[in-house]
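1. quick check, what structure comes out for this input:
(chains A and B)
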Amino acid sequence: MSSDKQSQPERHRDLLWFLLIWVVASAVLTPLYIIFVPLPANGNSNDATGQHLDNGVLDAVAIPAVLLVVCFLAYAMVRFRQTGPEIEEGPRVYGHRGLQNVWIVVTSVLVTGLFAFGTWRILAPGAAGSGQGANPLSPASTKGGVSPLPVQVIGQQWQFTYRYPTYGGLETPRLVLPYGRVIEFHVTSLDVIHSFWAYELGVKADANPGVDNVAYVTPTRPGGFDVRCAELCGIWHGYMFARGRVVTRPAFERWIAQQKRFFEPVTHYLPPYSDSYLPPPLRRGG
Amino acid sequence: MTTRRKGILGTAVGAVVLFVLSVLYVFYFTIQPPRVQAAADASGSTQLTLQTVGALGPDYEHPAWVSYLVENAKGEWIHSTEIELPANTLVHVTILQYDSATGLRNPFFARPQGTIGGVIDVDGKEVNIVDPQAPAHTFAVPELGVFVPLPGVAGDASNTCSAAPCTLDQAHHTVTFSFRTRGPGRYRFQCFVPCAAGYYAGNGGPMQRYGYMGGYLDVV
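-> Presented below is the predicted three-dimensional model:
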């Protein structure tokens, strides 16, 4: 049945059926997707919680838009399927100014709305866990005058190590953080570009040689989290992962004391704490 | 033959050649070095013996590359970094280090970690730190927390080794330590010294190629 043979009531009926199918599909599938498809973990840190919200908002807008297209195609293929033996020439298509205006307005509102939402989120204190370079535009807000705990993340092929400048420049291969305190990551690299990704904490920041890339997070409950390199950095990139831990303040202090004891022999060999390190190419390393 | 048929034939032949070359290229990178089983001893622990050489020598594909070699149960040196170890077992490691020093890019790895007691023996002397400029290589299994610096032989040492396998009468350091394996799995090990001469930042060539300065402990 071609549309040029349709009467006005038939067209309206098709439009209503299509809209009904689209609205029902969106109302059912959007919350199902948001609830059941794994999004970045929720609740482990302020950034993880924020990213959960961000992805939920993006999905809530994107899924109905995708379903609009899919439902339209499906409805058209079923409803207007050619049934006769002969292929009919399609009807002439005329523009519909009202529909065009609605389309332009709706898509403009969606795109500019998402742009505004994303800008607001990235400018929020802490910048949603992303690396902000050496001079952060959106430092994390601190509560009660407690300064952030600086932790330096040093990427090298193929292992992250961590320095705690407020604990004598201690360096360890393990990342342990106290919960409830703002953490100020300073991410850098000794060789090639890596990317520090503490997945469950919602932190991701590039590790560039010679660059201090600052990212903030506030862990909000104890537990483990994955640390991965998110930048292809060589043959063992896929193995550049580890588990980090968020612990209570007393447990953190005990861990620091134990680490300082173990690494005491190497402490005086470490270079003074710096925003970045550029070790010279050594004898055969040129 | 018409021009059109020639074109079709040429395209087909080109596609076949491209396909074959692609398969060979992928196959080349899937070639694994032979797996070497570490020797069990009477006490129920395992003995693993490795050597690190500054240059493999003319009998190998890359004569100038540094590499690990592993000793098999017959006492033969095998050019491989695919090593089988038993799970949850104490492993006694002996590494004969024949290469000269390069130095660590990160001095942090000068502290032995993950070994029994947090120490290693260098030529019979127990140490918990080496000079960060001294290592020629490291033996590190990050997933097991094992990081062991391997001091280099002096640059002016006599009777240095120039081709693998090196022998005990050639200049070397003997590094021994023990660590415990965990459950079954495939644990990568690598060197943390930028020891690949002539490559960017010392981390190309043998540092980026499986079978030279990195490999797997296959824990079974």
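
2. phi and psi next, for residue 133.
-> In the absence of a named chain, chain A is used. Dihedral pair for A:Gly133: phi 80, psi -170, per degrees, to the nearest 10.

3. you answered for a different chain; I wanted chain B.
-> Comment: the main-chain dihedrals of B:Gln133 come out as phi -80, psi -10, following degrees, to the nearest 10.

4. pLDDT averaged over stretch B:203-213 - what is it?
-> The predicted model assigns stretch B:203-213 a mean pLDDT of 91.

5. distance check, B:Ser43 against B:Val91.
-> Here the distance between B:Ser43 and B:Val91 works out to 12 Å (Cβ to Cβ, to the nearest Å). C-betas here are computed from N, CA, C, even on glycine.

6. who has more neighbours out of these two?
-> Remark: of B:Ser43 and B:Val91, B:Val91 carries more neighbours, 22 against 9, as counted by other Cβ atoms under 10 Å in any protein chain shown.

7. near chain B, which residues of chain A?
-> Residues of chain A lying close to chain B by Cβ under 8 Å from any Cβ of the partner chain are A:154, A:156-159, A:161, A:171, A:173, A:190-192, A:234-236, A:239, A:242, A:262-263, A:265-266, A:269-271, A:279, A:281-286.

8. give the buried subset of the residues you listed as a PyMOL selection command.
-> A single PyMOL command suffices to select whichever of the residues of chain A next to chain B are buried according to 16 or more other Cβ atoms under 10 Å in any protein chain shown:
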select buried, chain A and resi 154+156+157+158+159+161+171+173+190+191+192+234+235+236+239+242+263+265+266+269+270+279+282+283+284+285
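
9. mind checking which of the residues of chain A next to chain B land in strands?
-> Per DSSP state E, strands hold the following members of the residues of chain A next to chain B: A:Ile154, A:Gln156, A:Gln159, A:Thr161, A:Glu171, A:Ala242.

10. all helices for the chain, in order.
-> As the question left the chain open, I've gone with chain A. With DSSP state H, the ranges of helices along chain A come out as A:8-36, A:46-79, A:97-122, A:249-267.

11. wait, chain B
-> Taking DSSP H as the test, the helices found in chain B are B:3-30.

12. where does chain B get nearest to chain A, residue-wise?
-> Here the residue of chain B nearest chain A is B:Gly202; by Cβ to the nearest Cβ that distance is 2.7 Å.

13. neighbours of that residue, how many?
-> When neighbours are counted by other Cβ under 10 Å, B:Gly202 registers 24.

14. what do you get for A:Leu29?
-> One way to gauge burial is a neighbour count; for A:Leu29, by other Cβ under 10 Å, it gives 14.

15. mind listing what it touches?
-> Shown in contact with A:Leu29 (Cβ atoms under 8 Å, 6 or more residues apart in numbering or on different chains): A:Ile63, A:Leu67.

16. and it, what's its pLDDT?
-> Confidence for A:Leu29, expressed as pLDDT, is 94.

17. now it: how far from chain B?
-> Counting by Cβ to the nearest Cβ, to the nearest Å, the separation of A:Leu29 from chain B is 39 Å.

18. gap between that residue and A:Ala62?
-> Taking Cβ to Cβ as the criterion, A:Leu29 is separated from A:Ala62 by 12 Å.

19. which residues are in contact with residue 63?
-> Answering for chain A, as no chain was given. A:Ser26, A:Leu29, A:Thr30, A:Tyr33.

20. um, chain B though
-> B:Ala55, B:Leu56, B:Gly57, B:Ala163.

21. run the last query once more with 10 Å
-> With contacts taken as Cβ atoms under 10 Å, 6 or more residues apart in numbering or on different chains, B:Pro63 has the following neighbours: B:Ala55, B:Leu56, B:Gly57, B:Ser162, B:Ala163, B:Ala164.

22. could I get the ones in strands among the residues of chain A next to chain B as a markdown table with distance to B:Thr176 and pLDDT?
-> Written out in a markdown table, the entries for these read as follows (distance: Cβ to Cβ, whole Å; pLDDT from 0 to 100):
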| residue | distance to B:Thr176 | pLDDT |
| --- | --- | --- |
| A:Ile154 | 29 | 97 |
| A:Gln156 | 26 | 95 |
| A:Gln159 | 24 | 96 |
| A:Thr161 | 25 | 97 |
| A:Glu171 | 26 | 96 |
| A:Ala242 | 27 | 93 |
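
23. between these, which is nearest A:Tyr94?
-> For these, the closest approach to A:Tyr94 (Cβ to Cβ) belongs to A:Ala242, at 62.4 Å.

24. ok, that closest one touching A:Trp197?
-> No - if you go by Cβ atoms under 10 Å, A:Ala242 and A:Trp197 don't touch, sitting 11.3 Å apart.
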